[in-house]
Each structure stands twice: as C-alpha cells, then as structure tokens.
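In: This is the structure alone, sequence omitted:
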Ligand code: SAM
C-alpha cells in the first residue's frame, strides 16, 4: 500500500467522493471506508496490480475506486439502484471496474461475468453475511483471501459483538477457511470487525 507521511493514499483520478489530494495521490479516508480503516489498523494488507477482486456491497464506489487504483480488475456487485448510479459513474472513469447490479446472495446471476479472483471482499451489512461470503467463495481461487467486513448488529443486535464474531469465524472454519486474523475497526467504524481468511 502507498503511505505518504503516515497517510494512506491511492494513485488515480480524484473527485470520487470529495477526497483530499496529496499531489496526484488520493487520500483514502478510514472513516469513509472500512478497508481503509483496516489498512490503518493492520499494516500488512496489500493490494497489487496483478490482482482480481470480487467486491460485494460496492455502494457508491467509494472504496471500490481506491481498490481499483491498486489492482487489475474489480467486479463490483451492488443491489440498490441509487448507489448503483454513482458506481456506474466510477466505472465510467475507471475502466477496470466492472459494475454488476445484482443480489450477492444469488451469485449464479453473475457467474458468467466474473473470473476467478484473488480477493473476495464483502461489506453488505446483512443478517446472513457469512452465508453470502461462502456462496461467493466459488469465485475465489484456492489460497485466495476473503476479507469479510462483519457488521455484528446486522446479525443479532441482542448478542455480544464478540460472540457474533466468534460464531462467524467458526462457520467459516467449518467450511474450510483458515482464519488469518480478525480486527475490530474502532475508532473508525463501530460494531464492525474485519475477518481475514484464506481459502483452503
Ligand atoms: N463497501 C462500501 C464502501 O466502503 O464504499 C459501503 C457498503 S454499504 C455499508 C453496504 C452496501 O451493501 C449497500 O450499498 C447495500 O445496498 C449493499 N448490499 C446489501 N445487501 C446486498 C446484497 N445482498 N447484494 C449486493 N449488495 C448488497
């Protein structure tokens, strides 16, 4: 990742979400992006030009735009029509973003559009987050990385966030994923944990 004086940036055309520029580099705001926050908390996250990424929950393309500045191609899946409009604008300016309007819970709908990916990234804030990730793991190459941004309150608001995280990790392990790390995203995002795992 590119850091300028301790500030995470990506190199690409600015003006996606009013982000600050440092020279020709776009400041990646950890308060606006969970992946940005994860990079601050865990300096070992790396994105590279030869990577293909399947991104679930692309929303307005804020984080997608930064990821696209680093990697070869981003398949960006979003279900809601309004954020999709902004995502389409991002894809007009970044030719390596493939926008897909679909429900990530039904990956069969876009199976013909997506190649095998090195990284599966998910940020969908749904009750069945682990199940959605597992369904989409068919696109992830063996040895590839899953980064699941877990919103514990979307799964069960009455339970302790830590218990929800433990249960999710167990579910992923049961299905053959090796848990590499998990990280709470405080102070940038509350009740969100990143689970980083490798497909066996
Ligand atoms: N990842 C985005 C970013 O960092 O810029 C923010 C994502 S926002 C928290 C969650 C998004 O997931 C919303 O735009 C929502 O419409 C989308 N979403 C929720 N359920 C989905 C599903 N089943 N399939 C695809 N997108 C979904």
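Out: Happy to help now that I have it. Since the structure is predicted, the reported quantities are computational estimates derived from the model, not experimental observations.
In: From now on I want contacts and neighbour counts done on CA atoms only, so please keep to that.
Out: Noted.
In: pretty sure residue 183 belongs to a strand, no?
Out: Yes - the assignment for residue 183 (DSSP: H, G, I helix; E, B strand; the rest coil) places it in a strand.
In: didn't it look like it was pressed against residue 189?
Out: No - with contact defined as CA atoms under 8 Å, residue 183 does not reach residue 189; the gap is 11.3 Å.
In: This structure: helices as residue ranges?
Out: Secondary structure of the chain (DSSP state H): helices at 34-41, 62-70, 81-93, 129-136, 152-155, 161-174.
In: Ok, which of the ones you listed comes nearest the ligand?
Out: helix 62-70 (4.1 Å; CA to the nearest ligand atom).
In: Return the residues of the chain in contact with the ligand.
Out: 33-34, 56-63, 77-80, 102-105, 123-126 (CA under 6 Å from any ligand atom).
In: From these, keep the buried residues only.
Out: Buried positions within the residues of the chain next to the ligand, assessed by neighbour count (16 or more other CA atoms under 10 Å), are 33-34, 56-63, 77-79, 102-105, 123-126.
In: follow-up on the earlier one: and the helices of the chain, which one averages the lowest pLDDT?
Out: Per-stretch mean pLDDT for those is lowest at helix 152-155 (a mean of 82).
In: check contacts around the residue nearest to the spatial centre of the chain.
Out: Centre of the chain computed as the mean C-alpha position; nearest residue by CA atoms, centre = their mean is residue 121, 3.5 Å away. Residue 121 is in contact with 53-56, 146-149, counting by CA atoms under 8 Å, 6 or more residues apart in numbering.
In: Tabulate those in JSON lines, adding columns for pLDDT.
Out: Output for those, formatted as JSON lines (pLDDT from 0 to 100):
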{"residue": "53", "pLDDT": "98"}
{"residue": "54", "pLDDT": "98"}
{"residue": "55", "pLDDT": "98"}
{"residue": "56", "pLDDT": "98"}
{"residue": "146", "pLDDT": "98"}
{"residue": "147", "pLDDT": "98"}
{"residue": "148", "pLDDT": "97"}
{"residue": "149", "pLDDT": "97"}
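In: Tell me the one of those residues nearest the ligand?
Out: Ranked by distance to the ligand (CA to the nearest ligand atom), those are led by residue 56 at 5.8 Å.
In: so what's the closest one up against?
Out: 76-78, 104, 120-124.
In: give me the number of residues near the nearest residue to residue 173 once chain neighbours are set aside?
Out: Computed as CA to CA, 6 or more residues apart in numbering, the closest residue to residue 173 that is not its neighbour in sequence is residue 179, at 6.9 Å. By other CA atoms under 10 Å, the residues close to residue 179 number 17.
In: burial of residue 163, as a residue count?
Out: Neighbour count for residue 163, taken as other CA under 10 Å: 11.
In: try residue 32
Out: 15.
In: And it, how close does it get to residue 61?
Out: As judged by CA to CA, to the nearest Å, residue 32 and residue 61 stand 11 Å apart.
In: and the longest strand belonging to the chain, what other elements does it pack with?
Out: In the chain, taking DSSP state E as the definition, the longest strand is strand 140-151. Helices and strands touching strand 140-151, by 3 or more CA pairs under 8 Å, 6 or more residues apart in numbering; DSSP states H and E, are strand 117-122, helix 129-136, strand 192-199.
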